[in-house]
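Chemist: sequence plus predicted model, see below.
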Amino acid sequence: MKTAGTPPIIQYISHGARETGGYAHERFLAASLSETICRPSDTFKEIRFRRNFKGPFRWFLLALKAFFAADRNAVVITVARLAWPVRLKQVFGKGKIVLVLHNYDPKDGKPRLYYRLLGAFLKHTAKNPQKACVVVVARYWQDFLKDRFGIAPILFPNFFDAKTLQVIAHSARKNPKLIHLGMYSDKIDFKKYLILFHLLKEHGFVCYFSSSEPVFSPDLPVSTFQNHGEYLKQAAGSVATVILNKTNEGWNRVAHESVLLGTPVIASAGGGLEELVRLSGGVVSDNPEEIVGLINAGLPQICFDNSLFEPAARNQYLEKIVSFIQQ
């Protein structure tokens, strides 16, 4: 799906000390747009501020960095915290902004100012659809933002290569007493996990959280995986993945990987996570006693069509974004 005419510059601007799942999604989007729109010799320009910016002064510093880095005539793909600096820079040019928004949940601990600015930007987007658009990772967030802000977000999901994960799944031996508790982070519902952990332990189950970095957690078991393949093998060998979060997520990569590894998912309600669980025939629950009972009784078989999330399916999602860029 190549486009005619003079191709625009594709610029991707992000921030963060670690390359997260969100970063992988955004970068894939930027690269895919570049391949679709630009000449073969062109590539998108990526700018990443590789540190964590915390506190009002550093947020302001980050905004200045984004303002000066943004190309006023480019199509800039960026994230919520950088949306206004980029958009203000484009007032002086002919550029457009593609905001990738993974979720919207004021309960997630971000400052009120963050959501005030984001809300104002989304309302601005509704009034200026030729200059700004929003990309989301789940249909849940399409519906939510349409109802809340009157905008029409474009869906560009996370993509997963099912074949690679299914090879691991077929070679793994299930341990009927091993439970994966998802990725350890500050998003987890610590109290519910603590109750669940002790209940599962009483029933003879062995539980673990995954982490890519060493974590000190005296109350909950955390396994550190330096190698992504080893993490996948253990997830494939688990009888269930249980994800209990305090906030509504965009799209939980651990849950999607678990499904493709043949490991059923139990998760709390809300966001793209609930959407994924229901699509895969999993169970939506955040009640520790109920979860233990479900696991003891045997979880439903996974029934999931990954065809819409394969990298090869990206063009059907790119069409609306390309149309926005060419308007």
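Modeler: It's in.

Chemist: which strands and helices sit next to the longest strand along the chain?
Modeler: If you go by DSSP state E, the chain has its longest strand at strand 175-183. Counting contacts by 3 or more C-beta pairs under 8 Å, 6 or more residues apart in numbering; DSSP states H and E, strand 175-183 is packed against helix 190-202, strand 206-211, helix 228-237, strand 238-243, helix 253-260. The C-beta positions use only the backbone N, C-alpha and C, and glycine is treated the same way.

Chemist: one more time with 10 Å, if that's ok
Modeler: Contact partners of strand 175-183 among helices and strands, from 3 or more C-beta pairs under 10 Å, 6 or more residues apart in numbering; DSSP states H and E: helix 190-202, strand 206-211, strand 222-224, helix 228-237, strand 238-243, helix 253-260, strand 265-267, helix 288-297.

Chemist: for the fifth one, name the packing helices and strands.
Modeler: Using 3+ C-beta pairs under 10 Å, 6+ apart as the contact criterion, the secondary-structure elements in contact with strand 238-243 are strand 175-183, helix 190-202, strand 206-211, helix 253-260, strand 265-267, helix 271-279, helix 288-297.

Chemist: one more time with 8 Å
Modeler: Using 3+ C-beta pairs under 8 Å, 6+ apart, strand 238-243 is in contact with strand 175-183, helix 253-260, strand 265-267, helix 288-297.

Chemist: name the residues that touch the longest strand of the chain?
Modeler: If you take C-beta atoms under 8 Å, 6 or more residues apart in numbering as the criterion, strand 175-183 is touched by 188, 193, 196-197, 200, 204-211, 220, 234-235, 237-244, 252, 254-255, 258, 263, 295.

Chemist: and the helices and strands packed on strand 175-183, which is most packed in?
Modeler: strand 265-267 (a mean of 26; mean count of other C-beta atoms under 10 Å).

Chemist: list of residues touching that one?
Modeler: Taking C-beta under 8 Å, 6+ apart as the rule, strand 265-267 contacts 240-245, 252, 255, 258-259, 273-274, 276-277, 280, 282-286, 291, 294-295, 299.

Chemist: how far does that strand sit from its chain's centre?
Modeler: Counting by C-alpha atoms, centre = their mean, to the nearest Å, strand 265-267 is centred 17 Å from the centre of its parent chain.

Chemist: give me every residue that touches R27.
Modeler: Y12, S14, E46.

Chemist: ok so, going back, of all the helices and strands packed on strand 238-243, which one comes closest to A138?
Modeler: helix 253-260 (10.8 Å; C-beta to C-beta).

Chemist: wait, V259 touches L276, no?
Modeler: Yes. Using C-beta atoms under 8 Å, V259 makes contact with L276 at a distance of 7.3 Å.

Chemist: identify the bridge partners of the nearest residue to V215 once chain neighbours are set aside.
Modeler: Once flanking residues are discounted, V215 sits nearest to V222: 4.5 Å by C-beta to C-beta, 6 or more residues apart in numbering. Applying DSSP bridges to V222 gives these bridge partners: F209.

Chemist: ok, now I10?
Modeler: Residues in beta-bridge contact with I10 (DSSP bridges): V75.

Chemist: same question for the one 4 residues further on.
Modeler: In this entry, S14 is beta-bridged to R48, by DSSP bridges.

Chemist: in contact with it, which residues?
Modeler: Counted by C-beta under 8 Å, 6+ apart, S14 has contacts Y23, E26, R27, E46, I47, R48, F49, T78, V79, L82.

Chemist: which among the residues you listed count as buried?
Modeler: Among the contacts of S14, those classed as buried by 16 or more other C-beta atoms under 10 Å are Y23, E26, R27, E46, I47, F49, T78, V79, L82.

Chemist: which members of the residues you listed occur in strands, if any?
Modeler: Per DSSP E, the subset of the buried ones among the contacts of S14 in strands is E46, I47, F49, T78.

Chemist: please produce JSON lines containing the residues you listed, extended by distance to N103 and pLDDT.
Modeler: Below are those laid out as JSON lines (distance: C-beta to C-beta, whole Å; pLDDT from 0 to 100):
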{"residue": "E46", "distance to N103": "23", "pLDDT": "93"}
{"residue": "I47", "distance to N103": "23", "pLDDT": "95"}
{"residue": "F49", "distance to N103": "21", "pLDDT": "94"}
{"residue": "T78", "distance to N103": "16", "pLDDT": "97"}
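
Chemist: just curious, which of those residues is nearest to A126?
Modeler: Among those, and counting by C-beta to C-beta, the member closest to A126 is T78, at 18.2 Å.

Chemist: excluding chain neighbours, what is closest to the closest one?
Modeler: Using C-beta to C-beta, 6+ apart, the closest residue to T78 is I13 (4.6 Å).

Chemist: equivalent analysis for G22, please.
Modeler: Excluding the flanking residues, the one nearest G22 by C-beta to C-beta, 6+ apart is H102, at 5.4 Å.

Chemist: with P300 instead?
Modeler: Nearest one to P300, counting by C-beta to C-beta, 6+ apart, is G281 at 5.2 Å.

Chemist: tally of neighbours for that neighbour?
Modeler: 15 (other C-beta atoms under 10 Å).

Chemist: correct me if wrong, but it is in a strand.
Modeler: No. Under DSSP: H, G, I helix; E, B strand; the rest coil, G281 sits outside any strand and is assigned coil.
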